[in-house]
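*Asks:* This is the structure alone, sequence omitted:
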């Protein structure tokens, strides 16, 4: 076993004791552990340390790890995503965004994590702003990006921008091939009161499921289009799905 890896394992095994200690200066103690083990050479070592910081919701710990990684010359493109993820999981969006903005290159997972955070915390406008930055940075969205941003568009009533992004989903082949994107689109158009457009999307989705069709049934019910709701309901009779689930969601 290589010395640096062995040293990293020693730090990982001692880190729980370290975090439980309230005495002394946090940064000084942590640096002593890092220097003694020469631990910041592989992701296998700092990942467990970041997880411990997340469990403790310790932003000082995360920042200390970041400082040691930078000092050891660890590439920011490798560490940045993990630091952003740690910041978000600790609820430190300011720190996460600062790291994100300082990254020369960002993986699609990092973009999606930031967008999903804003959606989860009902900050749809900021989610859309990150999405716009993503597009202008020539990063192609995936099914997770679009599923999230369609919800943001419906929350904000951004009809025009939603249609443009729908067009992008079509170009990428995600409208028909991905049921999650299809469901997000149907739900979005239903919230815009556009059940016709929602039905067109549903018809094009290759693999339909109960959640997708239920989203359309709910839309018809809300607009008083009872005959169309019944038709959509009947289309489920030939599918292997739970009718109880459909009725529960539609009510």
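*Replies:* Structure received. Everything quoted here is computed from the prediction, not taken from an experiment.
*Asks:* Just want the phi and psi numbers for residue 107.
*Replies:* Main-chain dihedrals, residue 107, degrees, to the nearest 10: phi -70, psi 150.
*Asks:* Chain neighbours aside, what residue packs nearest to it?
*Replies:* Closest residue in space to residue 107, ignoring its immediate chain neighbours: residue 81 at 5.5 Å, by Cβ to Cβ, 6 or more residues apart in numbering. C-betas here are computed from N, CA, C, even on glycine.
*Asks:* Burial check on the one you found, number of neighbours?
*Replies:* Neighbour count for residue 81, taken as other Cβ atoms under 10 Å: 20.
*Asks:* show me the contacts for it.
*Replies:* 103, 106, 107, 109, 110 (Cβ atoms under 8 Å, 6 or more residues apart in numbering).
*Asks:* list the contacts for the last one?
*Replies:* Same thing as residue 110. Counted by Cβ under 8 Å, 6+ apart, residue 110 has contacts 80, 81, 84, 85, 100, 103.
*Asks:* May I ask which of these has the most neighbours?
*Replies:* residue 84 (27 neighbours).
*Asks:* Look up how far residue 98 lies from that one.
*Replies:* Remark: distance between residue 84 and residue 98 (Cβ to Cβ, to the nearest Å) = 9 Å.
*Asks:* just residue 48 next, same as before
*Replies:* Distance, residue 48 to residue 98, by Cβ to Cβ: 24 Å.
*Asks:* Looking at these two, which one has more neighbours?
*Replies:* Comparing residue 48 with residue 98 by other Cβ under 10 Å, the one with more neighbours is residue 48, at 16 against 13.
*Asks:* I'd like the average pLDDT over the helix or strand encompassing that one.
*Replies:* Per DSSP states H and E: residue 48 is located in helix 43-56. Helix 43-56 comes out with an average pLDDT of 78.
*Asks:* by contact count, what packs against that helix?
*Replies:* Other elements packing on helix 43-56 under the criterion 3 or more Cβ pairs under 8 Å, 6 or more residues apart in numbering; DSSP states H and E are helix 3-20, helix 59-71, helix 76-89.
*Asks:* Can you flag the weakest of the ones you listed by average pLDDT?
*Replies:* helix 3-20 (a mean of 50).
*Asks:* Residue 207 is in contact with residue 179, isn't it?
*Replies:* Yes - the pair residue 207 / residue 179 is scored as a contact, 5.4 Å apart, by Cβ atoms under 8 Å.
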